[in-house]
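Undergrad: structural data only, the sequence is not supplied:
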């Protein structure tokens, strides 16, 4: 069997989880990675709310991951409540990359170098499949949200700012 292209794909293969790898063109000049994925992947079968971004958060002691729709804005207060801590902030980009083993724009909730507490936006459960980064810019994974919860041991909560 060939080696998986990324640790995220390897994690799904190892778990025997049904998934699909989707590739799209990444413009190296683009720094709005989520918008680029939404523009490339939405269409007849996918809506923007199915394409999720992975944000690394700084907790009072350590890091965590929030996974929510690309078009949505994260409620830091809701994320803190879901993670059971008084406060969270966005992690330093270098810390996010070092902890996950992925580059910005390619951070996946799956196959991270160090498994972090994870919280998934409840809206993801409205879909039969959602897309998360596969661990590289321009590469996404379509997975069942229930598999995402299981494989990341995620807490499910309302994360989007109103």
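TA: Perfect, I can see it now. Note that the structure is predicted; figures quoted are calculated from it, not measured.
Undergrad: helix or strand right after the lowest-mean-pLDDT helix or strand in the chain?
TA: Taking mean pLDDT, DSSP states H and E as the measure, the chain has helix 33-41 as its least confident helix or strand, at a mean of 67. Using DSSP states H and E, the helix or strand that follows helix 33-41 in sequence is strand 52-59.
Undergrad: work out the gap between that following strand and the centre of the chain.
TA: Computed by CA atoms, centre = their mean, to the nearest Å, the chain-centroid distance of strand 52-59 equals 8 Å.
Undergrad: helices or strands up against whichever helix or strand comes after it?
TA: Next helix or strand after strand 52-59 toward the C-terminus (DSSP H and E): strand 62-69. Judged by 3 or more CB pairs under 8 Å, 6 or more residues apart in numbering; DSSP states H and E, the packing partners of strand 62-69 are strand 52-59, helix 76-83, helix 93-100, strand 118-121, helix 145-152. Bear in mind the C-beta positions are built from the backbone N, C-alpha and C, glycine included.
Undergrad: distance of the closest residue to residue 152 other than its chain neighbours from residue 127?
TA: Among residues not flanking residue 152 along the chain, residue 118 sits closest, at 4.2 Å (CB to CB, 6 or more residues apart in numbering). From residue 118 across to residue 127, the span is 18 Å (CB to CB, to the nearest Å).
Undergrad: phi first, then psi, for the residue nearest to residue 162 when sequence neighbours are not counted.
TA: In space, and not counting its chain neighbours, residue 162 is closest to residue 75: 7.6 Å by CB to CB, 6+ apart. Dihedral pair for residue 75: phi -90, psi 110, per degrees, to the nearest 10.
Undergrad: pretty sure residue 75 contacts residue 161?
TA: Yes - using CB atoms under 8 Å as the test, residue 75 is close enough to residue 161 to be in contact (4.1 Å).
Undergrad: residue 66 contacts residue 79, correct?
TA: Yes - between residue 66 and residue 79 there is a contact under CB under 8 Å: 5.0 Å.
Undergrad: comparing the two, which residue is more hemmed in?
TA: residue 66 (28 against 25; other CB atoms under 10 Å).
Undergrad: what residues are up against the most centrally placed residue in the chain?
TA: Taking CA atoms, centre = their mean as the criterion, residue 54 is the residue nearest the geometric centre of the chain, at 3.1 Å. Applying CB atoms under 8 Å, 6 or more residues apart in numbering, we find residue 54 in contact with 65-67, 107-109, 132-133.
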